[in-house]
Every structure is written in C-alpha cells, then in structure tokens.
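Novice: Provided below are the primary sequence and the corresponding predicted coordinates.
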Amino acid sequence: MTIWRKSSRSGSTTTQSDCVEVAQLNGAVALRDSKAPDAGHLTLSPASFAELVAHVKRDALDV
C-alpha cells in the first residue's frame, strides 16, 4: 500500500490547498497532484528527488 503525504505547509482552504503529494516507493519517490490523485504520478530516484527539493528551496526553478 502506498502512503501519500502532503506538506504540513499546505493550506486547508480552497485557495491554499494546491500541493504536491509524495510517497516513498521501493527505491524511488513518487509525486502526484493532490487535486488529481487518480491522474497518475511521477517517479524519481531518491537522488533526483533530493536535487529537485534543493532547487525548490533555492528558488532556482523557472515555473
């Protein structure tokens, strides 16, 4: 069974509930949209996930 977690910084109101959920898989990390959990997920290696988090923390993504 996959256990999905949402950030504790995610808001609980409609305007602040957009977030990404993460789950630990065997040797990988899965990401999905909390508003569309049945739409599938992205799977990253632990190293790639750590790199993504580091980029987000540095605000180094052009999104």
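Specialist: That came through, no problem.

Novice: and the lowest-mean-pLDDT helix or strand in the chain, what does it pack onto?
Specialist: Using mean pLDDT, DSSP states H and E, strand 5-6 stands out as the lowest-scoring helix or strand of the chain, at a mean of 90. Judged by 3 or more C-beta pairs under 8 Å, 6 or more residues apart in numbering; DSSP states H and E, strand 5-6 is in contact with strand 20-25. Using the backbone N, CA and C atoms, a C-beta is placed for each residue, glycine as well.

Novice: rewinding a little: chain center to the least confident helix or strand of the chain: distance?
Specialist: In terms of C-alpha atoms, centre = their mean, to the nearest Å, the centre of strand 5-6 is found 8 Å from the chain centre.

Novice: can you list the strands that it pairs with?
Specialist: Strand 5-6 has the following sheet partners, assigned by DSSP bridges: strand 20-25 (antiparallel).

Novice: tell me the SS of the closest residue in space to Pro46 that isn't next to it in sequence?
Specialist: Nearest residue to Pro46, sequence neighbours excluded (C-beta to C-beta, 6 or more residues apart in numbering): Val29, at 6.0 Å. Secondary structure state of Val29, per DSSP: H, G, I helix; E, B strand; the rest coil, is strand.

Novice: so where do the strands sit in this protein?
Specialist: 5-6, 20-25, 28-33, 42-44 (DSSP state E).

Novice: worst mean pLDDT among those?
Specialist: Among the strands of the chain, strand 5-6 has the lowest mean pLDDT, at a mean of 90.

Novice: what's in contact with that one?
Specialist: Identification of contacts with strand 5-6 by C-beta atoms under 8 Å, 6 or more residues apart in numbering yields Cys19, Glu21, Val22, Ala23, Ser34.

Novice: what's the most distant pair in those residues?
Specialist: Maximum pairwise distance among the contacts of strand 5-6 (C-beta to C-beta): 13.5 Å, between Cys19 and Ala23.
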